[in-house]
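Chemist: have a look; sequence and predicted model below, questions after that.
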Amino acid sequence: MKLQQLATALFAAVVVLAIPACSKEEAQQNMDSAKEKAGEAMDKAGDMARDAADATGDAMDKAGDKMSEMGDDMSDAADDAMDKAGDAWDDTKDAVGDMADDASDAAGDMADDMEDAASDAADAAGEAARDAEDKMKDAMGN
């Protein structure tokens with residue numbers, strides 16, 4: 001709206017300044033020229049407005065693209081973090097499972113060792129008892 005007011009003011013100024021110093025034909029030519037200049041100014045102003053709108057649209061598109069890229073990057077980073085956390089969890093589970101297996105194996109080995117020791121002790125006690133029996137028999141004269 002301001003552009004129309006500016007064009008009207010320009011037209012009025014040309015008319016006011018040109019009329020006293022010229023004839024009716026010259027005044028008409030000046031008016032036609034002023035109308036033409038005002039029309040050109042309006043066209044240029046329209047072009048400038050369209051260019052500004054295009055530039056604004058382009059800037060908005062670029063901003064939207066950048067926001068979308070940032071969102072994608074954030075999503076990718078979150079996915080990577082979740083993957084790493086999952087991998088760490090799996091590694092921890094595996095380590096705990098390995099430790100449990102090792103503890104179970106060690107307990108089994110200890111049980112075997114205790115069984116062997118008990119068996120050896122029982123064998124030794126049995127042999128000692130047989131030796132004692134033999135010594136008693138020998139001492140008694142049998």
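Modeler: In hand now; what should we look at? This is a predicted model, so every value here is computed, not measured.

Chemist: and the pLDDT at Ser119?
Modeler: Looking at Ser119, its pLDDT stands at 88.

Chemist: can you check Lys37 too?
Modeler: At Lys37, the pLDDT recorded in the model is 83.

Chemist: which secondary structure element contains it?
Modeler: For Lys37, the enclosing helix or strand under DSSP states H and E is helix 24-140.

Chemist: which helices and strands does that helix pack with?
Modeler: On a contact count with 3 or more Cβ pairs under 8 Å, 6 or more residues apart in numbering; DSSP states H and E, helix 24-140 meets helix 2-18. Any C-beta I mention is one placed from the backbone N, CA and C, and that applies to glycine too.

Chemist: average pLDDT for the helix it packs on?
Modeler: The model assigns helix 2-18 a mean pLDDT of 63.

Chemist: same question, stretch 24-31
Modeler: Rounded mean pLDDT across stretch 24-31 is 78.

Chemist: ok, stretch 127-142 next?
Modeler: Mean predicted lDDT for stretch 127-142 stands at 83.

Chemist: for it, the distance to its chain's centre please.
Modeler: In this view, stretch 127-142 has its centroid 87 Å away from the chain centroid, taken as Cα atoms, centre = their mean, to the nearest Å.

Chemist: just stretch 50-70 next, same as before
Modeler: Distance, centroid of stretch 50-70 to centroid of chain: 22 Å (Cα atoms, centre = their mean).

Chemist: same check on stretch 46-64?
Modeler: Centre-to-centre, stretch 46-64 and its host chain are 30 Å apart (Cα atoms, centre = their mean).

Chemist: could you export it as CSV, CA atoms only?
Modeler: Listed next in CSV are the C-alpha coordinates belonging to stretch 46-64 (Å, rounded to 0.1, in the frame of the first residue of the first chain):
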residue,chain,number,x,y,z
GLY,A,46,6.6,-5.8,-7.5
ASP,A,47,9.7,-7.5,-8.9
MET,A,48,11.6,-6.6,-5.7
ALA,A,49,8.8,-7.9,-3.5
ARG,A,50,8.8,-11.2,-5.5
ASP,A,51,12.6,-11.4,-5.2
ALA,A,52,12.4,-10.8,-1.5
ALA,A,53,9.7,-13.4,-1.1
ASP,A,54,11.7,-15.9,-3.2
ALA,A,55,14.8,-15.2,-1.1
THR,A,56,12.8,-15.6,2.1
GLY,A,57,11.4,-18.9,0.8
ASP,A,58,14.8,-20.1,-0.1
ALA,A,59,16.2,-19.2,3.3
MET,A,60,13.2,-21.0,5.0
ASP,A,61,13.8,-24.1,2.8
LYS,A,62,17.5,-24.1,3.7
ALA,A,63,16.7,-23.7,7.4
GLY,A,64,14.2,-26.5,7.2
